[in-house]
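[1] I'll drop the sequence and a predicted model, then ask my questions.
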Amino acid sequence: MGQPHASAAIEYDVVVLGAGPVGENVADRTRAAGLSTAIVESELVGGECSYWACMPSKALLRPVIARADARRVPGLSQAVQGPLDADAVLAHRDTYTSHWKDDGQIDWLESIGVRLYRGQGRLDGPRRVTVTTPEGERHTLTAKHAVVVSTGSRAVLPEVPGLSGAHAWTSREATSAKAVPGRLAVVGGGVVGTEMATAWQALGAQVTVLVRGTGLLPRMEPFAGELVADALREAGAEVRTGVSVTRVARTGDTVTLTLDDDTQLQADEVLFATGRAPRTDDLGLASVGLTPGGWLDVDDSCRVLGSDWLYGVGDVNHRALLTHQGKYQARIAGAAIAARASGTPILETDPWGAHAATADHAAVPQVVFTDPEVAAVGLTAAAAEQAGHRIRTVDVDLASVAGAGLYADGYRGHARIVVDLDKQTLLGATFVGPGTSELLQAATIAVTAEVPIERLWHAVPAYPTISEVWLRLLEGCRG
Ligand SMILES: Cc1cc2nc3c(=O)[nH]c(=O)nc-3n(C[C@H](O)[C@H](O)[C@H](O)COP(=O)(O)OP(=O)(O)OC[C@H]3O[C@@H](n4cnc5c(N)ncnc54)[C@H](O)[C@@H]3O)c2cc1C
Ligand SMILES: NC(=O)c1ccc[n+]([C@@H]2O[C@H](COP(=O)([O-])OP(=O)(O)OC[C@H]3O[C@@H](n4cnc5c(N)ncnc54)[C@H](O)[C@@H]3O)[C@@H](O)[C@H]2O)c1
């Protein structure tokens, strides 16, 4: 095969590599600031989030959670005892991914005046990017002000003998599968593992979750993983802790997992939900003195350390692997690029300034869409202590809240706030229970704005809502 056809370099103010939610948002900001912007995408505009992550997973989970909620309402429960219509759920998921077509997102890019290049983008020295199109053409783009890397992350498969030939699922297959497997083994008890176990068990698979540690969702407050494990077991799944997979073998339609307790497990499919790696291995990073395959170390404006033109935004910088947090970084980085391009002498990079993604350190909100939902922001008690804060925690059983009892008969849930004893503000909050995801933004505001406990006392939650848990938590604070 000959060399790809090369064309003359085209200059833009900003070149963005990767058109996931984060790249799209950076491009939107820089374009809105009057900077000419090109974006390069090797797969689908919209990225992992739109096609193999947030959107399809939540489309699978929504009917699961709605049915579980309805089953806890007397008078309604008997109407929803039947199985989910798996075909209809999968078809609905397909519409949420636009059938893995990105025409709508391309129209949007056009409408905001961002030029799309389809193909693999690679750095080729400072401020220079090459794009190799699927047809083998090569474009060279130069960036007057900034190159933004927002190429996201991919699933990591551990080094387990036999795994490469076992056709294991990663998050991509778990979110896009066309049929419900009879038996599904899930390796890993993090966010992907718990959400996908919840979805596929409810859709009719017999799920076994294999966790090498002591419980599910290990980065959250311990009660979160405990309540989710209880619910998964009640739904018929098996959750096994303290086990590791030592070998995987596929024979025909059956995959056999050998575990380190000398037992074996057979399944039709196995999902490895064992974390993420940055998509920086084929990006030309060596041409600018960086190590291929690594996460990008950035400052709070998301500029790569040691560079005055290269930015790393979203999953690729490993600050918080969440769409909403990456889009926040995109807004900050876009503003910083625009300010630097216009010669603004001093940027607002102090904490909470316009050019500092401070919330990445202090107040990252996350909802895990399991049944029960888990909604958390800021530090857990363990993380706060590890960071050297003097804290106290206040816990409330959500079943004691009138609004929760109305929401679901026999409501089970738990809430915790982590209070900074020196500042008398909140460092973190976690809510676990049906309907708790919508409680999270109030907690995010309290943590971000460092609202004093004394003032929160005047933020009166409406009766009878689940939000009245705030009153119980604050009563616990004040004694
Ligand atoms: C199963 C699952 C469920 C999730 N659910 C949620 C959720 O509910 N809420 C939430 O906030 N987060 C969720 N996440 C995390 C979320 O998907 C990511 O944080 C988010 O997609 C990151 O956005 P990004 O733009 O940085 O990267 P991506 O979405 O990964 O986009 C990167 C884009 O760059 C492209 N690209 C890569 N390399 C190149 C190259 N060299 N040249 C050109 N293009 C390139 C890729 O093709 C891709 O389109 C979930 C993740 C998974 C796996
Ligand atoms: N609702 C949401 O916000 C949502 C949903 C899904 C994913 N995400 C994001 O996507 C990211 C990736 O999720 P994830 O679940 O893949 O990663 P994760 O880091 O949350 O969990 C991976 C788990 O796999 C375990 N693990 C790693 N190697 C293993 C091995 N060899 N054997 C057994 N277990 C092993 C880890 O201990 C960890 O508990 C997360 O950081 C999360 O923020 C968010």
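    Looks like it arrived, so ask away. Ligands and ions are numbered 1, 2, ... in the order given.
[2] where does Arg31 fall, phi/psi-wise?
    Main-chain dihedrals, Arg31, degrees, to the nearest 10: phi -70, psi -40.
[3] state the distance from it to Ala357.
    Using Cβ to Cβ, to the nearest Å, one obtains 20 Å as the distance from Arg31 to Ala357. C-beta: built from backbone N, CA, C; applies to glycine.
[4] settle it for me: which of the two has more neighbours?
    Ala357 (26 against 21; other Cβ atoms under 10 Å).
[5] which ones are touching the more buried one?
    Shown in contact with Ala357 (Cβ atoms under 8 Å, 6 or more residues apart in numbering): Asp300, Ser301, Cys302, Arg319, Tyr328, Gln329, Ile332, Ala333.
[6] just those now: which is nearest Leu210?
    Arg319 (28.9 Å; Cβ to Cβ).
[7] what is the burial count for the closest one?
    Neighbour count of Arg319, defined by other Cβ under 10 Å: 25.
[8] that's a strand at it, yeah?
    No. Counting by DSSP: H, G, I helix; E, B strand; the rest coil, Arg319 is not found in a strand; it is coil.
[9] so for the residue sitting nearest the centre point of the chain, what's the nearest residue that isn't a sequence neighbour?
    For the chain, the residue nearest the mean C-alpha position is Leu322 (3.3 Å; Cα atoms, centre = their mean). Nearest residue to Leu322, sequence neighbours excluded (Cβ to Cβ, 6 or more residues apart in numbering): Gln366, at 6.1 Å.
[10] neighbours around that neighbour, how many?
    19.
[11] and if you look at the one 10 residues further on?
    Look at Ala376: counted by other Cβ under 10 Å, it has 26 neighbours.
[12] partner residues bridging the residue lying closest to Leu379 once chain neighbours are set aside?
    For Leu379, ignoring the flanking residues on the chain, the nearest one in space by Cβ to Cβ, 6+ apart is Gly428 at 4.1 Å. Applying DSSP bridges to Gly428 gives these bridge partners: Gly378, Val418.
[13] count of residues packed around Gly428?
    26.
[14] who's in contact with it?
    For Gly428, the contact set (Cβ under 8 Å, 6+ apart) comprises Ala376, Val377, Gly378, Leu379, Thr380, Ala381, Ala383, Ala384, Ile417, Val418, Val447.
[15] check Tyr117 too.
    Residues counted as contacts of Tyr117 (Cβ under 8 Å, 6+ apart) are Ala38, Ile39, Val40, Glu41, Val131, Thr133, His139, Leu141.
[16] can you narrow these to ones near ligand 1?
    Among the contacts of Tyr117, the residues lying close to ligand 1 (Cβ under 6 Å from any ligand atom) are Val40, Glu41.
[17] looking at the contacts of Tyr117, which are in strands?
    Here DSSP state E is the test, and the contacts of Tyr117 give Ala38, Ile39, Val40, Glu41, Val131, His139, Leu141 as lying in strands.
[18] quick check: residues of the stretch 201-350 of the chain near ligand 2?
    Residues of the stretch 201-350 of the chain lying near ligand 2 by Cβ under 6 Å from any ligand atom: Arg212, Gly213, Pro218, Ser244, Ala273, Thr274, Gly275, Arg276, Leu321, Leu322.
[19] if I look at the fifth one, what pLDDT would I see?
    It refers to Ala273. You'll see Ala273 listed with a pLDDT of 98.
[20] in three-state terms, how would the nearest residue to Leu257 once chain neighbours are set aside be classified?
    Nearest non-adjacent residue to Leu257, counting by Cβ to Cβ, 6+ apart: Leu265, 4.6 Å away. Here Leu265 takes the strand state, with states given by three-state DSSP.
[21] regarding this structure, what is its longest helix?
    Criterion DSSP state H: the longest helix present in the chain is helix 323-341.
[22] list the contacts for Ile466?
    By Cβ under 8 Å, 6+ apart, the contact list for Ile466 reads Leu398, Val401, Gly403, Ala404, Tyr407, Gly433, Gly435, Thr436, Leu439.
[23] what's the local residue count around the fifth one?
    Counted by other Cβ under 10 Å, the residues lying close to Tyr407 total 21.
[24] check the fourth one too.
    Other residues within reach of Ala404, judged by other Cβ under 10 Å, total 26.
[25] so it sits against Ser467, correct?
    No. Shown here, Ala404 and Ser467 do not form a contact pair, counting by Cβ atoms under 8 Å, at 9.8 Å.
[26] returning to what we had before: doesn't Glu373 make contact with the residue nearest to Leu322?
    No. Proximity of Gln366 to Glu373 does not meet the contact threshold set by Cβ under 8 Å, at 10.8 Å.
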